[in-house]
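# Here's my sequence, what's the structure:
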Amino acid sequence: MNTRKTIAVMTGGGDAPGLNAVIRAIVKQGVTQLGWRVIGLEDSFDGLLESPMRFIDFDRDQVRGILTMGGTILGTTNHGDPFTFKTADGKTTDRSGEVMERLKLLGVEGLIAIGGDGSMAICSRLMRDHGLPVVGVPKTIDNDIPGTEITFGFDTAAAFATEAVDRLHATAEAHERVMVLEVMGRHAGHLALASGLGGGADVILIPEIPFRWEPVLGKLMRRRAHKRHFSIVVVAEGASPHGGAILQRINPGGSRSLGGIGEHVADEIARRTGLETRCTVLGHLQRGGTPTPHDRVLASRMGHHAVELVRTGAWGQMVAVRQNRMESVDLAWLLTQTSRQLPLDDDGIATARSIGICFGDETE
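So this is what the prediction gives:
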């Protein structure tokens, strides 16, 4: 009887630097050290549901050289929910049963799912409704998944956004402009705070602190009065003015996505102060590129811990980092939580305030 363990691995949701490092760690430990069969599902569950199925039967040669690569060799999708699978005529249908049938056909005994809160929710439902054993690995550059203090990809994105602030300083000072930089951060301001504090921004606007215009404009005008004829404003995409709604843009096809707050802030600053103001939106540039050494190491550690959870039969868990130690949290608990926001007493916020950075909630 063949007792070789067969495990599937997938990447879902948006990409993040370090995904390939996780895959590499899983394959090198699972295949080389433990003798498992590791199957990579291409484009999340989409490849599994196609005919013929698209997957990679991994050996160690297929993960050589991918440690430093951005993106994911498995591909990914933001629309890979088999419970609401979109058909050619635009309708939706539940194909979760087919997912289970095809995993069984491949001999898969469990799944390691690398993704954000959406992917974790889908896989948790597959576990609850169909009994699929799942281990989760959290992924997001926003660093807002509850239960873990850090996610891979955040350090790389923060480093890139900080470099953007550095570059904007030069042109802002040369042209005596206000430069607004919009970074990602749907529900939390971890990325905006890190890049704004690290890059020396003058104003940081985050979802946790609805801002008022008066403190922001006052900060810019005081700098002007002190012969500092330029300013840098870093704004998270989910930031909003006090009493206002989070801005969204309508995409081709009618779908909506966050965005537009950077342009809105720039327009309002120019209109209310007369200062020449420009906006830069980093967008998907934050997701790409070579992962930093920190993210390569963190992603590898997470991949290893995911394999250990599988090896010990600790299904229904998500890898988590607490006080720099690898632990795990229950997937069912995770789905009852909201995004991990910055606490208002965060020492990063306190540090920023102490050196004069404005968050838009100050008393003028």
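# Where do the domain boundaries of this protein fall?
The record, using automatic domain parsing to delimit domains, assigns the chain the ranges 6-152+291-322, 156-288+343-354.
# Show the end-to-end separation of the last one, please.
If I follow you right, that is domain 156-288+343-354. Chord length of domain 156-288+343-354, first to last residue, is 26 Å (CA to CA, to the nearest Å).
# That domain: how far from the chain's middle?
Shown here is domain 156-288+343-354, whose average C-alpha point lies 19 Å from the average C-alpha point of the whole chain (CA atoms, centre = their mean, to the nearest Å).
# same deal with the first one?
Taking CA atoms, centre = their mean, one finds domain 6-152+291-322 lying 15 Å from the centre of the chain it belongs to.
# Report the mean confidence score over that domain.
Mean pLDDT, computed over domain 6-152+291-322, is 93.
# Can you name the residues that contact residue 158?
Under the criterion of CB atoms under 8 Å, 6 or more residues apart in numbering, the contact list for residue 158 reads 190-191, 194-195, 198. C-beta here means a position set from N, CA and C on the backbone, and glycine is covered the same way.
# Helices of this structure, start to end?
Applying DSSP state H to the chain gives helices spanning 19-27, 46-49, 96-105, 117-130, 154-175, 190-199, 213-225, 261-273, 293-311, 331-334, 347-354.
# want to try CSV for the ones you listed, with distance to residue 86 as columns?
Written out in CSV, the entries for the helices of the chain read as follows (distance: least, CB to CB, whole Å):
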stretch, distance to residue 86
helix 19-27, 24
helix 46-49, 10
helix 96-105, 14
helix 117-130, 14
helix 154-175, 29
helix 190-199, 30
helix 213-225, 41
helix 261-273, 29
helix 293-311, 29
helix 331-334, 25
helix 347-354, 40
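# about what we covered before: would you turn the domains of the chain into CSV with distance to residue 333?
Converted to CSV, the domains of the chain look like this (distance: least, CB to CB, whole Å):
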stretch, distance to residue 333
domain 6-152+291-322, 7
domain 156-288+343-354, 18
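# what about the nearest residue to residue 10 once chain neighbours are set aside, how many residues close to it?
Leaving out its chain neighbours, the residue that sits closest to residue 10 by CB to CB, 6 or more residues apart in numbering is residue 41, at 4.2 Å. Summarising burial for residue 41: neighbours were counted as other CB atoms under 10 Å, giving 29.
# Residue 41 contacts residue 23, correct?
No - checked against CB atoms under 8 Å, the pair residue 41 and residue 23 is beyond contact range at 11.2 Å.
# can you list residues touching both of these two?
Here residue 41 and residue 23 share the contacting residues 9, 74, scored by CB under 8 Å, 6+ apart.
# can you pull the contacts of the closest residue in space to residue 310 that isn't next to it in sequence?
Computed as CB to CB, 6+ apart, the closest residue to residue 310 that is not its neighbour in sequence is residue 135, at 5.5 Å. Contacts of residue 135 were listed using CB under 8 Å, 6+ apart, and they are 110-113, 306, 309-310, 314-319.
# What of residue 131?
Counting by CB under 8 Å, 6+ apart, residue 131 has no contacts.
# what do you get for residue 289?
With contacts defined as CB under 8 Å, 6+ apart, residue 289 is in contact with 17, 70, 156, 160.
# So which of those residues is surrounded by the most neighbours?
Ranking those using other CB under 10 Å puts residue 17 first, with 30 neighbours.
# if I look at that one, how far off is residue 186?
In this structure, residue 17 lies at 18 Å from residue 186, with CB to CB, to the nearest Å as the measure.
# And residue 357, by the same measure?
When CB to CB is the yardstick, residue 357 and residue 186 sit 22 Å from each other.
# can I get the contacts of residue 135 in CSV with neighbour count?
Written out in CSV, the entries for those read as follows (neighbours: other CB atoms under 10 Å):
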residue, neighbour count
110, 18
111, 24
112, 26
113, 30
306, 29
309, 22
310, 25
314, 14
315, 17
316, 18
317, 22
318, 28
319, 26
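# Include distance to residue 101 when you put these into JSON lines, please.
Listed next are the contacts of residue 135 as JSON lines, based on distance: CB to CB, whole Å:
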{"residue": "110", "distance to residue 101": "16"}
{"residue": "111", "distance to residue 101": "14"}
{"residue": "112", "distance to residue 101": "20"}
{"residue": "113", "distance to residue 101": "18"}
{"residue": "306", "distance to residue 101": "25"}
{"residue": "309", "distance to residue 101": "25"}
{"residue": "310", "distance to residue 101": "22"}
{"residue": "314", "distance to residue 101": "26"}
{"residue": "315", "distance to residue 101": "20"}
{"residue": "316", "distance to residue 101": "22"}
{"residue": "317", "distance to residue 101": "25"}
{"residue": "318", "distance to residue 101": "26"}
{"residue": "319", "distance to residue 101": "28"}
